[in-house]
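> coords please:
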Amino acid sequence: IYHGIDGSRFEGAEGTFDRTKWGFSTDSEIVLFVGRFYPSKGADLLIDAFERVVKEYDGTVELALVGGGDRTETIRKKIRRQLGERARVLQDLGDDALLELYNESRIFALPSVTETFGIAYLEAMAAETPIVYAHAGSAPEVVGEAGLATAPRDVDDLASAILELLVDNPLHTRLQKRGRDRIEEFT
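Now for the predicted structure:
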């Protein structure tokens, strides 16, 4: 029996995230990561991939990493070194702000190679935020066709998938619909 979430909690949160309060540009696309900063979750890999995304994307894009743990300062230093103001670690958001951020984000990226289930994938689907994930662990089973799978630990594949979702609006819309449909299996 799968885990489930109440997808109705995400309704009405669209457009309510306070970008200024959390330091985001008003006109950027946001790529969201939610998870602990364990090496297996892929935050380091995502930062490396995002460096390429920033160079190749024709618009403004920012990375939000919601998480924590013993490696938080290591992640912050890596962000400062590689991405500057294009990324930030967010902590203590609270449930409402996190729901709003899921809805505000263009893409949810969690390249974890060890998820045993991945509630964050369900939250992204409930918010109609297309997913980029590593084809590993439970992610393929949970996400199904609601996201783009990448090769595990492949920086270039991860960057390519993010870039594809940033520029391909029809694909983005299809994945939003697939996420809406898929979340019905996880109530």
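
> Angles on the backbone of the residue nearest to residue 29 when sequence neighbours are not counted, please.
The shortest distance from residue 29 to any non-neighbouring residue, by CB to CB, 6 or more residues apart in numbering, is to residue 106 (4.2 Å). (C-beta placed from N, C-alpha, C; glycine too.) The phi and psi values for residue 106, taken as degrees, to the nearest 10, are phi -80, psi -40.

> roughly how far apart are residue 106 and residue 63?
As defined by CB to CB, to the nearest Å, residue 106 lies at a distance of 11 Å from residue 63.

> picking that back up, my guess is the residue nearest to residue 29 meets residue 31, correct?
Yes. Counting by CB atoms under 8 Å, residue 106 does reach residue 31; the two are 6.7 Å apart.

> Give me the more crowded residue out of these two.
The neighbour comparison of residue 106 against residue 31 (other CB atoms under 10 Å) goes to residue 31, with 27 against 17.

> pretty sure the more buried one belongs to a helix, no?
No. Using DSSP: H, G, I helix; E, B strand; the rest coil, the assignment for residue 31 is strand, not a helix.

> Might you report the residue contacts of it?
For residue 31, the contacting residues are 50, 53, 61, 62, 63, 64, 105, 106, 107, 108, 109, 162, by CB atoms under 8 Å, 6 or more residues apart in numbering.

> roughly how far apart are it and residue 70?
Between residue 31 and residue 70 the computed distance is 24 Å (CB to CB).

> need the contact list for the residue sitting nearest the centre point of the chain.
The centroid of the chain falls nearest to residue 108 when counting by CA atoms, centre = their mean (2.2 Å). Contacts for residue 108 (CB under 8 Å, 6+ apart) come out as 31-34, 102, 120-121, 124, 127, 129-132, 147.

> Out of the residues you listed, which is nearest to residue 168?
residue 130 (10.1 Å; CB to CB).

> Not including adjacent chain positions, what is the nearest residue to that closest one?
residue 175 (3.7 Å).

> Secondary structure class of residue 54, three-state.
Taken by three-state DSSP, the conformation at residue 54 corresponds to helix.

> ok, now how distant is the closest residue in space to it that isn't next to it in sequence from residue 46?
Closest residue to residue 54 apart from its sequence neighbours, by CB to CB, 6+ apart: residue 86 at 5.4 Å. Distance, residue 86 to residue 46, using CB to CB: 12 Å.

> between those two, which one's more packed in?
residue 46 (27 against 19).

> what separates the more buried one from residue 37, distance-wise?
Taken as CB to CB, the span from residue 46 to residue 37 is 11 Å.

> Touching both of the two, which residues are there?
Common neighbours of residue 46 and residue 37 are listed as residue 65 (criterion: CB under 8 Å, 6+ apart).
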